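S.K.: Pasted the sequence and its predicted model underneath.
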Amino acid sequence: MIVITTPIAGQRPGTSGLRKSVQVFRQPGYLENFVQSLFDVLEHHKGATLVVGGDGRYFNDQAIQTVLRLAAANGFGRVLVGQGGILSTPAASAVIRSRKAYGGIILSASHNPGGPEGDFGIKYNAGNGGPAPEALTEAVYRRTQSIERYLGVESPDVDLGTLGNTLVGGMAVEVIDPVATHADLMETLFDFGAIRRLLGSGSFRMRFDAMHAVTGPYAHEVFVKRLGAPAASVVNGTPLPDFGGGHPDPNPTYAAELVAAMFAADAPDFGAASDGDGDRNMIVGRRFIVTPSDSLAVLAANAQLVPGYAAGLKGVARSMPTSAAVDAVAAALGIPCFETPTGWKFFGNLLDAGRITLCGEESAGTGSDHVREKDGLWAVLFWLNVLAVRGESVEAIVRDHWRRFGRHVYSRHDYEGVDAAAATALMARLREALPGLPGQKFSPGTVTLADDFAYTDQVDGSVTTGQGLRIGFDNGSRIVFRLSGTGTEGATLRVYLERFEADVQRHGTDAQQALAGLIATAEQLAGIAATTGRTQPTVIT
Ligand code: VG1
Ligand code: CO
């Protein structure tokens, strides 16, 4: 039966989909607005297969039942849904690709906290397994403003706990194993034999912190079941609707438990964590945190050691605020390096066109052409494979990397939950000042570049503007100012700081000290304290 009800007006999606508080999402008709608008905009989806799953957070199960009823009424032929409503973002991408689905809906607010007081989110991935391109998300947003009805069927809730097939209003629903497709794909890329020997050697210990988010089942399957690591190697491995009250963002602030374990006297050799929806990764050696930008560069430089990449890399890409560490590796390898706006959707076209093999972001996202999303488990396995082959510590590998390529000292300062009007005013003032900056001298050097980053897609020619204010100095140092597109409260100002050190012997490892001049210059240029009332960032990564 078709239900016709008036949905409430939609809102503009951000960096990766629509993210709002649970309260907003629970308003009658809110979720339906987004989903129906999406289905209205899609073409030729009658009879097609849709993949649906989420990160297990509060409201995930209810939202999935709503999506199923709308999908049935809108003519989809089949929905593949992860058991328990679970599918990590990279696993959803892998399933879309392997089952040649039309697309997928992922219910996640990624690293944002969950629970009744937390956040919820929804994003659409296309048939290539990657985030919807901007043209599509814009069309969906426009549709949410004019939509007057949504379609649904009356049907009891599907039992998401049991694998198998059922029907919702005549549409086939298949509850699938959320882990198997992705784990099988990992086995095709990495030397599981070598990693198994490393983990079973008795002299190597790892600790993977799933932060009570979606990666727990994936980590148990891959590290424990398939690679033989002791079960205790996976901690916080049960997905909880409120992530155990934590903030599933794998960085030194929110993954403090992992960092403490890795800096303890009996620290394991290798530590890692992932975020709410399993697409981010944090890599920690014994008493040594790897900066995500460095991690991308190290993986690129060591890719020939890994079976899936032994044939060489076609090219690499990084988001604009990510450090140029990977650029140095690309130059040495003689392969192209692309600089894209923040957000995985911009890598999709380059991956589809075969222009790049690896890509990543400073926010702890790393991935390759095996799926069209960043992939936390994949990055951890890549590191384990490199560690197994090289037989050195994480710290030794990174220090060796710095000796070969120089060090791109890097940090991001986040000012979370600042007044939105103040943050917009700060950016507007800075944007106006940009044309006057080139040639001016500051303590980090003379400004050689000052612009608002715009990107022309190398494949389809589409142009994206307003992607962050970049100020570059003559010695390779750089400051970037950008407003987050994933927060749900006020605004988050991100300040990205980078300084190149060719001679790593000259400087200690403390990034904040090495960046002190840039930090002071950022304050001088932007007047962060005066505008936002904040004298310290909320999070430093
Ligand atoms: C943040 C990160 C960005 C990432 C995005 C989605 O966006 O900075 O690099 O792609 O989150 O990641 P923003 O607009 O808040 O800076 V995920 O793992 O939260 O979906
Ligand atoms: Co995420």
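M.R.: Cool, the structure landed. Ligands and ions are numbered 1, 2, ... in the order given.
S.K.: Could you use CA atoms for every contact and neighbour count after this?
M.R.: Noted.
S.K.: For beta bridges, what are the partners of the closest residue to Val234 other than its chain neighbours?
M.R.: Distance criterion Cα to Cα, 6 or more residues apart in numbering; nearest residue to Val234, sequence neighbours excluded, is Phe208 at 4.8 Å. Phe208 has the following beta-bridge partners by DSSP bridges: Val234, Ala272.
S.K.: Get me the contact residues on the stretch 1-150 of the chain for ligand 2.
M.R.: Ser110 (Cα under 5 Å from the ion).
S.K.: The chain now?
M.R.: Ser110, Asp277, Asp279.
S.K.: And the buried ones among the residues you listed, selectable in PyMOL?
M.R.: Restricted to buried positions by 16 or more other Cα atoms under 10 Å, the PyMOL selection for those reads:
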select buried, resi 110+277+279
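S.K.: Let's have the residues of the chain next to ligand 2 in TSV, adding pLDDT and secondary structure.
M.R.: Output for those, formatted as TSV (pLDDT from 0 to 100; DSSP: H, G, I helix; E, B strand; the rest coil):
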residue	pLDDT	secondary structure
Ser110	93	coil
Asp277	96	coil
Asp279	97	coil
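S.K.: What about ligand 1: which of the residues of the chain next to ligand 2 touch it?
M.R.: Counting by Cα under 6 Å from any ligand atom, Ser110, Asp279 from the residues of the chain next to ligand 2 sit close to ligand 1.
S.K.: and which of the residues of the chain next to ligand 2 is nearest to ligand 1?
M.R.: Ser110 (4.4 Å; Cα to the nearest ligand atom).
S.K.: Sort out which residues of the host helix or strand of Ser93 are buried, please.
M.R.: Using DSSP states H and E, Ser93 falls within helix 89-98. The neighbour-count check on helix 89-98 (16+ other Cα under 10 Å) flags Thr89, Pro90, Ala91, Ala92, Ser93, Ala94, Val95, Ile96, Arg97 as buried.
S.K.: Quick one: list the elements packing against the host helix or strand of Glu432.
M.R.: According to DSSP H and E, Glu432 maps onto helix 420-433. If you count contacts as 3 or more Cα pairs under 8 Å, 6 or more residues apart in numbering; DSSP states H and E, helix 420-433 packs onto strand 478-483, strand 491-501, helix 516-526, helix 528-532.
S.K.: What ranges does the stretch 351-500 of the chain have for its strands?
M.R.: Here the stretch 351-500 of the chain has its strands, by DSSP state E, counting those that start in this stretch, at 358-361, 365-368, 407-418, 441-442, 445-452, 455-456, 463-464, 469-473, 478-483, 491-501.
S.K.: do stretch 83-92 and ligand 1 meet at all?
M.R.: No - against ligand 1, stretch 83-92 shows no contacts by Cα under 6 Å from any ligand atom, the least distance being 8.3 Å.
S.K.: Going forward, the N-terminal residue is numbered 248.
M.R.: Shifting the count to begin at 248 puts that one at stretch 330-339.
S.K.: Run the chain-centre distance for that stretch.
M.R.: Computed by Cα atoms, centre = their mean, to the nearest Å, the chain-centroid distance of stretch 330-339 equals 15 Å.
S.K.: With respect to ligand 1, which of the buried residues of helix 336-345 is nearest?
M.R.: Thr336 (8.3 Å).
S.K.: Name all residues that make contact with the closest one.
M.R.: Thr336 is in contact with Gly301, Asp302, Ile353, Asp524, Gly525, Asp526, Glu620, Asp622, counting by Cα atoms under 8 Å, 6 or more residues apart in numbering.
S.K.: Backbone dihedrals for the residue in the chain that ligand 2 sits nearest to, please?
M.R.: Nearest residue of the chain to ligand 2: Ser357, at 3.9 Å (Cα to the ion). Torsion angles at Ser357 (phi, psi; degrees, to the nearest 10) stand at phi 50, psi -120.
S.K.: so it sits right up against His494, yeah?
M.R.: No - Ser357 is beyond contact range of His494, at 9.9 Å (criterion: Cα atoms under 8 Å).
S.K.: Please tell me how far stretch 681-697 is from the chain's geometric centre.
M.R.: The answer for stretch 681-697 is 32 Å, by Cα atoms, centre = their mean.
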